[in-house]
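Peer 1: How does the following fold in three dimensions:
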Amino acid sequence: MDVDIVVVGGGHAGAEAAAAAARLGRRVALVTLSMAQIGRLSCNPAIGGLAKGCLVRELDALGGLMARVADATTVQFRHLNTRKGLAVRASRAQVDTDRYPPALQAALAALPELELVEGEAAGLLLHEDRIAGLALTDGRRLLAPKVVLTTGTFLSGRMHRGSHTQAGGRIGEGASYALSTSLRGLGVALGRLKTGTPPRLARDSVDWSACEEQDALTGFHFSFQPPAVRLPQIPCHITYTTEATHALIREHLHTSAMFSGAIEGTGPRYCPSIEDKVVRFDRPRHQLFLEPEGLDSDRVYVNGLSTSLSAEVQDALLPTIPGLAHARIVQHGYAVEYDHVDPTRLGHDLQHAAVPGLYFAGQVNGTSGYEEAAAQGFVAGVSAALDRPFVLRRDQAYIGVLIDDLVTRGIGGEPYRMFSSRAEHRLALREDNADRRLAPTGRELGLVDDLAWSRFEHKMDQIDAARRALEHTLRPTDTTRRRLSEAGVGTMNKPLSAEELLRRPGVDYATLATVVDLPELDPEAAEQVETDVKYAGYLEREAHRARRTAALHAAALIDVDFGQVPGLSTEVRQRLQAHRPATLGSASRLPGITPAAITALSAWLARAHP
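Peer 2: Numbers count the residues shown, from 1 in each chain. Model (predicted):
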């Protein structure tokens, strides 16, 4: 079979990579171990979360799949950090694990340029040191000048529960050892990482009355195009570990694969196992979320109880937790360790420096989370299809922050997870304005369809009309004062613009429109207008910082002999020579590169290129 691009792996990264490339007119083959498992939610049944929700909305603005599939299968939607600042508010959707994969599979099946191939990758084919395709273990050969590897936890994957160990990338599925061998043969260095998953409980065995209920929000969604059909919303619940739980864990730490030495890989610091939590944190209890896996599923995901303890110890833990005294485990928790590549060997297009035509995306790059994987898959797929790097800046998107962190700084020895604190321009990179930031880019690529673009243009027209109307000046007449007071807007003693009134605390657009002649807006457009007005000073300072950062990032360091730059320490020179950053901005984010070193480089560049 001859195609333009081969994508290996049918998870979230593979789906976005294959869909983007196929929609850009490339002939794509998506290779997966099992057709039925494409889009499977290997761990938690949720999409989004802190910072991750912004990745989902950015993908949607660019024309990706994840937001629409999540909206079509959401059974509970929540807003997080609503009492905190605008920059860190986030959305999270509990999705139906039985409905999400078929919905994603249907979206892929609708693409005429995409062919799904069931099989196991055996090795990469090369011609004159460039990628020429992929060999499968059954002897088939897929010829293509581009291959995108999105293998998740399946590269030499091994699952651990207590002293029991078996090959596999997740429960019920095998692992790919041949591909790891092929990559090492090409000189691609591989490391080991670990992730884990909690037990699943029988839904009818939980005492829900002993747990705190979390209500769902209604009417909210990820995509900027509201879903045509919504599933019924269901509640999740909260319970807590106890001192008895912790005592039992400490007593049986030797049965944990993480603490017995059976696992070589490093786990995620920000999503630790329950064993890690008990050992590292001196707390009387830890919060657990009981999340039904779907409308018709009899399984409950215990978020917060990830573990590699033996099955017997997991069974013994449940009675120590409120609401779980009689709970039955239908799938015990386990840990997975797997091979990953060093992302600092990748370019911003996620193409490997040593093997032209070979791209990596997702957990194989050392990240954690469906959302990080999907974002990388989209970037790799678009870059491979365009045959040039598709790069988003750090001041443009969380996706840009994610990719730049990976290829510039690496993962630091543990799985990388997206946080809003990683984004220095997070006030400007919000969920609510992802379309304003990225829809034009998606349209230029050809991935934002006519309907989505029409909605976006309508929204922008509404915002422009409202901003013009807000320039209208009101006079402090008795009638105006009375109407303002009755609407709760306050009063005025001098002429004020409607914009100045909207800037007042507690005044929203809808309230002001009862006093001032303002155009009627859709809720999302009104939210944007309010944000633009109320945070104008902060946003302008953020924009100024972004412009300075962009100038820094644009200063090229290609072919610079760092040994000739005065004022650099030996350590700094060695780090710069090892990483070869493309720009001054990339250099500034390398570990160990001091502000003084950046100043020295800036001065040298100014003299070399006056």
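Peer 1: And the residue of the chain most remote from its centre, its phi and psi?
Peer 2: Note on the chain: the largest C-alpha distance from the chain mean falls to residue 478, namely 53.4 Å (CA atoms, centre = their mean). Dihedral pair for residue 478: phi -60, psi -40, per degrees, to the nearest 10.
Peer 1: what do you get for residue 48?
Peer 2: phi 100, psi -160.
Peer 1: Report the contact partners of it.
Peer 2: 56, 70, 90, 91, 92, 93, 222, 371 (CB atoms under 8 Å, 6 or more residues apart in numbering). In this view, the C-beta of every residue, glycine as well, is placed from N, C-alpha and C.
Peer 1: next one: residue 274
Peer 2: 198, 241, 249, 286, 304, 305, 306, 307, 309.
Peer 1: returning to what we had before: tell me the one of the contacts of residue 48 nearest residue 324?
Peer 2: residue 92 (23.1 Å; CB to CB).
Peer 1: was I right about that closest one contacting residue 47?
Peer 2: Yes. Under the contact definition of CB atoms under 8 Å, residue 92 touches residue 47, with a separation of 7.4 Å.
Peer 1: now the helices: where do they sit in the stretch 151-300 of the chain?
Peer 2: Remark: helices assigned in the stretch 151-300 of the chain by DSSP state H, counting those that start in this stretch are 178-185, 243-251, 257-260, 274-280.
Peer 1: okay, those, which one's buried deepest?
Peer 2: Mean neighbours per residue, mean count of other CB atoms under 10 Å, is largest over the helices of the stretch 151-300 of the chain for helix 257-260, with a mean of 21.
Peer 1: and it, what other elements does it pack with?
Peer 2: strand 158-161, helix 274-280 (3 or more CB pairs under 8 Å, 6 or more residues apart in numbering; DSSP states H and E).
Peer 1: CA atoms only: put it into PDB for me.
Peer 2: Output in PDB follows, covering the C-alpha atoms of helix 257-260 (Å, rounded to 0.1, in the frame of the first residue of the first chain):
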ATOM      1  CA  ALA A 257       5.200  -2.700  42.300                       C
ATOM      2  CA  MET A 258       6.300   0.900  42.700                       C
ATOM      3  CA  PHE A 259       8.000   0.400  46.100                       C
ATOM      4  CA  SER A 260       9.200  -3.200  45.600                       C
END
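Peer 1: can you give me the strands for the stretch 451-600 of the chain?
Peer 2: Using DSSP state E, counting those that start in this stretch, the strands assigned to the stretch 451-600 of the chain run over residues 473-474, 496-497.
Peer 1: Kindly report the same for the stretch 101-250 of the chain.
Peer 2: Going by DSSP E, counting those that start in this stretch, the stretch 101-250 of the chain shows strands at 114-118, 121-127, 130-136, 141-143, 146-149, 158-161, 164-167, 190-197, 200-202, 212-214, 236-240.
Peer 1: The longest one relative to helix 178-185, how many degrees between them?
Peer 2: Compare the direction of strand 190-197 with that of helix 178-185 by axes from the mean of the first three to the mean of the last three CA atoms, to 10 degrees and you get 150 degrees.
Peer 1: Not counting residues beside it along the chain, what's closest to residue 5?
Peer 2: Nearest non-adjacent residue to residue 5, counting by CB to CB, 6 or more residues apart in numbering: residue 146, 4.4 Å away.
Peer 1: my read: that neighbour touches residue 359, true?
Peer 2: Yes. If you go by CB under 8 Å, residue 146 and residue 359 touch, sitting 6.9 Å apart.
Peer 1: hey, what's in contact with both of these two?
Peer 2: residue 384.
Peer 1: returning to what we had before: give me whichever of the strands of the stretch 451-600 of the chain is most buried.
Peer 2: strand 496-497 (a mean of 16).
Peer 1: For it, which strands pair with it and how are they oriented?
Peer 2: strand 473-474 (antiparallel) (DSSP bridges).
Peer 1: what's near enough to touch the closest residue to residue 604 other than its chain neighbours?
Peer 2: Residue nearest to residue 604 in three dimensions, not counting chain neighbours: residue 565, with 4.7 Å by CB to CB, 6+ apart. Going by CB under 8 Å, 6+ apart, residue 565 touches 573, 600, 601, 604.
Peer 1: Specify which member of those is nearest to residue 79.
Peer 2: residue 601 (42.9 Å).
Peer 1: now the closest one: how far from residue 572?
Peer 2: Going from residue 601 to residue 572 by CB to CB, to the nearest Å gives 9 Å.
Peer 1: now residue 136
Peer 2: 46 Å.
Peer 1: out of these two, which sits in the more crowded spot?
Peer 2: residue 572 (22 against 18; other CB atoms under 10 Å).
Peer 1: okay but the more buried one is in contact with residue 592, surely?
Peer 2: Yes. If you go by CB under 8 Å, residue 572 and residue 592 touch, sitting 6.9 Å apart.
Peer 1: Okay, and which of the contacts of residue 48 map to strands?
Peer 2: 90, 91, 92, 93 (DSSP state E).
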